[in-house]
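[1] next come a sequence and a model predicted from it.
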Amino acid sequence: MKARALLAAGLLIAAGLVLPACLVPQPLVPEEEGSGLDDPPRILGRAPDASVIRTQRGCGKQKLEVLSVEDMDEEDPIEIRWFVNYQQGNTAPVRRKEIPSGFGFQEGIRTPPGDAFEVFFNQYEDQVLVVEAVVSDGFDADAAREPANRAPAKGKAVTQSSWTIFVESAQECLP
């Protein structure tokens with residue numbers, strides 16, 4: 001019994017000596033200019049909500065939208081790049097929309113006007129399309145840096161939303 005009491009007392013003394021060492025302030029290493037991540041953008045609303053859309057060629061078109069983006073850094077411009085069937089050899093955005101810094105900014109939320117992309121079904125028959133809206137507070141200036149046209153600049157971030165669209169060859173638009 002005495003051995004246990006001595007062991008417990010020894011552990012308490014050791015803990016008393018070790019724990020205060022954790023509270024000693026550590027020197028801060030200054031960060032290089034532009035090396036840290038800032039608040040990344042987030043897509044808060046999109047339309048349609050469904051990620052998978054089944055349609056017919058005769059239905060005309062579908063409007064895809066990023067309704068609002070949250071980014072707490074008011075000084076950051078936001079760019080939305082739209083891609084259709086992004087893959088090696090097909091990496092160029094089909095549409096770009098830049099939202100200037102501070103534009104439509106209210107409590108970190110930006111409601112950009114006109115950031116929609118329309119898919120015209122008559123251009124596609126019996127195809128599967130993947131349409132992506134990629135949002136960043138700073139894309140890399142080197143468009144070839146992987147992933148091409150989507151890589152964030154140093155200290156910036158990207159987020160995305162995507163829709164998969166199955167286009168059937170029917171000329172009529174079935175419900």
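    Okay, I see it.
[2] quick check: which ranges of this structure have low pLDDT?
    Across the chain, the ranges flagged by pLDDT under 70 are 1-37, 111-114.
[3] any idea which residue sits dead centre in this protein?
    Among the residues of the chain, Thr159 comes closest to the average C-alpha position under CA atoms, centre = their mean, at 0.8 Å.
[4] quick one: the closest residue to that one other than its chain neighbours from Ile165, how far?
    Once flanking residues are discounted, Thr159 sits nearest to Val135: 5.3 Å by CB to CB, 6 or more residues apart in numbering. For every residue, glycine as well, the C-beta is placed using N, CA and C. Per CB to CB, to the nearest Å, Val135 is found 20 Å from Ile165.
[5] before we move on, the earlier item: residues contacting the residue nearest to the centre of the chain?
    Thr159 makes contact with Pro40, Pro41, Arg42, Ile43, Val134, Val135, Ser136, according to CB atoms under 8 Å, 6 or more residues apart in numbering.
[6] bridging residues for the third one?
    Taking DSSP bridges, one obtains Glu70 as the residues bridged to Arg42.
[7] Met72 is in contact with that one, correct?
    No. Between Arg42 and Met72 there is no contact under CB atoms under 8 Å: 9.6 Å.
[8] tell me how many other residues crowd Phe105.
    Using other CB atoms under 10 Å, Phe105 has 19 other residues around it.
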